[in-house]
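Peer 1: Next one to model:
(one chain, ligands or ions: 1)
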Amino acid sequence: MTNREDHKRLAALLEKRFGRLDILVNNAGIARDGEDFSKPFNTTSTVTEAALRETFDTNFFAVVALTQTLLPLIRKAPAGRIVNLSSVLGSLTLHSDPKSPIYDKKAFAYDASKTALNAFSVHLAAELRDTRIKVNSAHPGWVKTELGGDAAPLEVSEGGKTSVQLATLPDDGPTGGYFHLGDALPW
Ligand SMILES: NC(=O)c1ccc[n+]([C@@H]2O[C@H](COP(=O)([O-])OP(=O)(O)OC[C@H]3O[C@@H](n4cnc5c(N)ncnc54)[C@H](OP(=O)(O)O)[C@@H]3O)[C@@H](O)[C@H]2O)c1
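Peer 2: Have a look, this model is predicted:
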């Protein structure tokens, strides 16, 4: 994700083999706040600039760059779909609400990178509104992965469902949204 030459190589490979790209799921992501998401914590006053930059490099800048590089191929697809793997932890509305279940789960670098990614989804969807391409942010749920940890309730097969739904939306499906299993999340 963070190697721009790889982005170009990937675009060239897809162009040669398929001539277009139907679905882009920007799934790769990192969490570098160095805490356990299952416990209440808040890194806002302690996170380093290096951790912020590393997190944004992968979760935001690389996604924007890769998507820009692949967009000409997605424009050639009959119904392009772009899914950005965000997180409920990117929701400013929920982080601002003391009654929200995520209020005490604040990891500043990770959360801010996902909020920025949500902005990318909204802005790109608006730019592409007169095309057949749909762009949405996905929250997969809390999933048992390296990032999610063993305490997570969802298996990987469950965690993949929102991405698949958004990657296979019908022509009258939403664009510029933020979803978990079909439910809209507050920004
Ligand atoms: N798990 C959850 O509960 C949860 C909740 C909300 C959102 N999400 C989001 O869902 C997405 C997938 O997360 P996950 O739980 O599957 O995390 P994960 O188990 O840590 O897997 C992350 C994946 O991203 C890849 N990756 C990281 N940096 C990369 C880079 N620079 N270039 C290429 N690949 C890179 C990793 O590849 P390597 O293994 O090769 O490093 C790995 O395959 C992430 O965007 C995450 O933020 C997850």
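Peer 1: which bits of the protein sit near the ligand?
Peer 2: When proximity is defined by Cβ under 6 Å from any ligand atom, the chain lies next to the ligand at 1-2, 27-30, 58, 85, 87, 139-140, 142-143, 145-148, 152. C-beta: built from backbone N, CA, C; applies to glycine.
Peer 1: again, only using 8 Å
Peer 2: 1-3, 26-31, 37, 57-59, 62, 85-89, 110, 114, 138-149, 152, 154, 156, 159 (Cβ under 8 Å from any ligand atom).
Peer 1: Which parts of the chain are helices?
Peer 2: Along the chain, the segments classed as helices by DSSP state H run 4-17, 49-56, 62-75, 92-95, 108-127, 156-159, 161-167.
Peer 1: Of those, flag the one that's most buried.
Peer 2: Ranked by mean neighbour count under mean count of other Cβ atoms under 10 Å, those are led by helix 108-127, which reaches a mean of 20.
Peer 1: Just the mean pLDDT for that one, thanks.
Peer 2: For helix 108-127, mean pLDDT is 98.
Peer 1: Just the angle for it relative to helix 62-75, thanks.
Peer 2: Orientation check (axes from the mean of the first three to the mean of the last three Cα atoms, to 10 degrees): helix 108-127 against helix 62-75 gives 20 degrees.
Peer 1: CA atoms only: put helix 108-127 into CSV for me.
Peer 2: This file holds the C-alpha atoms of helix 108-127, laid out as CSV (Å, rounded to 0.1, in the frame of the first residue of the first chain):
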residue,chain,number,x,y,z
PHE,A,108,-6.3,9.0,18.3
ALA,A,109,-4.0,8.0,15.4
TYR,A,110,-6.2,5.1,14.3
ASP,A,111,-9.5,6.9,14.8
ALA,A,112,-8.4,10.1,13.1
SER,A,113,-7.1,8.2,10.1
LYS,A,114,-10.5,6.5,9.7
THR,A,115,-12.3,9.9,10.0
ALA,A,116,-10.1,11.2,7.2
LEU,A,117,-10.8,8.1,5.2
ASN,A,118,-14.5,8.7,5.6
ALA,A,119,-14.0,12.2,4.2
PHE,A,120,-12.3,10.7,1.2
SER,A,121,-15.3,8.4,0.6
VAL,A,122,-17.7,11.4,0.8
HIS,A,123,-15.6,13.6,-1.5
LEU,A,124,-14.9,10.9,-4.1
ALA,A,125,-18.5,9.8,-4.2
ALA,A,126,-19.5,13.4,-4.9
GLU,A,127,-17.0,13.8,-7.6
